[in-house]
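Student: I would like to see how this sequence folds:
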Amino acid sequence: MTSFLDIHTTSPEDLRKMIDSARAMKDARNGRPKGALDDDRPLAGHMVALIFEKPSTRTRVSFDVGVRQMGGQTMVLSGKEMQLGHGETIADTARVLSRYVDLIMIRTFEEATLQEMAEYASVPVINGLTNRTHPCQIMADVMTYEEHRGPIAGKKVVWSGDGNNVCASFLHAAGQFGFDLTFTGPPTLDPEAEWINFARSKGVDARIERDPYKAVDGADLVVTDTWVSMHDPESAKERRHNQLRPYQVNEDLMARAKPDALFMHCLPAHRNDEATSAVMDGPHSVIFDEAENRLHAQKAIMRWCLGK
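Tutor: Residues are numbered from 1 along each chain as shown. This is a model prediction of the structure:
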């Protein structure tokens, strides 16, 4: 049994196999109706539980569609329906679900919830997001970069804004895929030192540069994310906006990157906050390819978890 809990806990060889598998499945679907089943149906006869303590658009739809395209079935469960850890323990929930389903994807708040689910489940568990990491998104991002520009190894990636869970998984990917990553943002929102040190331990250049224009100089890829969470109080939102405004990805900032640099945002976006519409809809942007590739990357992850 193999769970996909984080990029830094999965071998580079297996990560590469997943990226290659995702691209092959995407190529095989070219020109086919979106609702069509794959010719290869590795999840036929399999049931997948999709647990959402946090609401979602891309994660829910992409996992649900991916399972169905591969011939499987889904059971979508909300946090309200399950009340994880508030009645029955997470460990007991994991044990019970394992008697019903073949695979569990969970999108939750605390990393501890994910870890306990994986520890006590007897079926593979996939990290659909926690407050600390978001590995499925970054697998899609690596896939997206490589289908546009070739191997990401040795490239310069710049993260501008909040050193959040998506940034954390980008630092994991820097170490595992061999690219450099520069974080630019206010000191109060730096990524965890543990993740920077992980990337450095793998021999890549992981650094912090406070000046966003210096940071993006010569960048191959510029990435940002929303400045606020849906759960942040209004006072926190205003404070975050004040801190992060100098790190908005706009046309002037993108002009400092390489001429063929790409721009990514995992969405949903607050247009003209973390990034301007001119950038999001401009020639550097691949945000909708990135969103589509969540589907293909996650299909590859599910296949890997089930040994398919």
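Student: Buried ones in stretch 63-72, by neighbour count?
Tutor: Neighbour counts using 16 or more other C-beta atoms under 10 Å place 63-70, 72 of stretch 63-72 among the buried residues. Quick note: C-beta positions are derived from backbone N, CA and C, even for glycine.
Student: Tell me the one of those residues nearest D162?
Tutor: Within the buried residues of stretch 63-72, proximity to D162 (C-beta to C-beta) peaks at F63, which comes in at 25.0 Å.
Student: can you tell me which of the buried residues of stretch 63-72 are in helices?
Tutor: Taking DSSP state H, the ones among these that sit in helices are 63-69.
Student: Adding distance to A193 as columns, could you present the residues you listed in TSV?
Tutor: Shown next, in TSV, are these (distance: C-beta to C-beta, whole Å):
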residue	distance to A193
F63	32
D64	37
V65	38
G66	35
V67	37
R68	41
Q69	40
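Student: Just the closest of those to G163, please.
Tutor: When those are ranked by distance to G163 (C-beta to C-beta), F63 comes first, at 26.2 Å.
Student: residue contacts, that closest one?
Tutor: Counting by C-beta atoms under 8 Å, 6 or more residues apart in numbering, F63 makes contact with 48, 50, 74, 105, 128, 298.
Student: next one: K202
Tutor: 174-176, 178.
Student: run the last query once more with 6 Å
Tutor: Residues near K202 by C-beta atoms under 6 Å, 6 or more residues apart in numbering: G175.
Student: Please tell me how far it sits from G154.
Tutor: Using C-beta to C-beta, to the nearest Å, K202 is found at 13 Å from G154.
Student: now do E192
Tutor: 25 Å.
Student: who's more crowded, these two?
Tutor: Legend: neighbour count by other C-beta atoms under 10 Å for E192 and G154, higher for E192 (14 against 11).
Student: Need the nearest residue in space to that one, chain neighbours excluded.
Tutor: Leaving aside its chain neighbours, E192 sits nearest to A168 (6.4 Å; criterion: C-beta to C-beta, 6 or more residues apart in numbering).
Student: Which elements pack onto the helix or strand hosting that neighbour?
Tutor: For A168, the host element (DSSP states H and E) is helix 165-177. Applying 3 or more C-beta pairs under 6 Å, 6 or more residues apart in numbering; DSSP states H and E, we find helix 165-177 packed against helix 135-149, helix 193-201.
Student: what angle separates it from helix 193-201?
Tutor: With axes from the mean of the first three to the mean of the last three C-alpha atoms, to 10 degrees as the basis, helix 165-177 and helix 193-201 are set at 20 degrees to each other.
Student: need the next SSE after helix 165-177, C-terminal direction.
Tutor: Note on helix 165-177: by DSSP H and E, the next helix or strand toward the C-terminus is strand 180-184.
Student: for that following strand, what is the average pLDDT?
Tutor: Mean per-residue pLDDT for strand 180-184: 98.
Student: Listing partners with orientation, what would you give for that strand?
Tutor: If you go by DSSP bridges, strand 180-184 pairs up with strand 156-160 (parallel), strand 206-208 (parallel).
Student: and that strand, C-alpha only, in PDB?
Tutor: Output of strand 180-184 as PDB, limited to C-alpha atoms (Å, rounded to 0.1, in the frame of the first residue of the first chain):
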ATOM      1  CA  ASP A 180      16.100  26.700  -7.800                       C
ATOM      2  CA  LEU A 181      13.500  28.600  -5.800                       C
ATOM      3  CA  THR A 182      13.600  32.200  -4.600                       C
ATOM      4  CA  PHE A 183      11.000  33.400  -2.200                       C
ATOM      5  CA  THR A 184      10.100  37.100  -2.100                       C
END
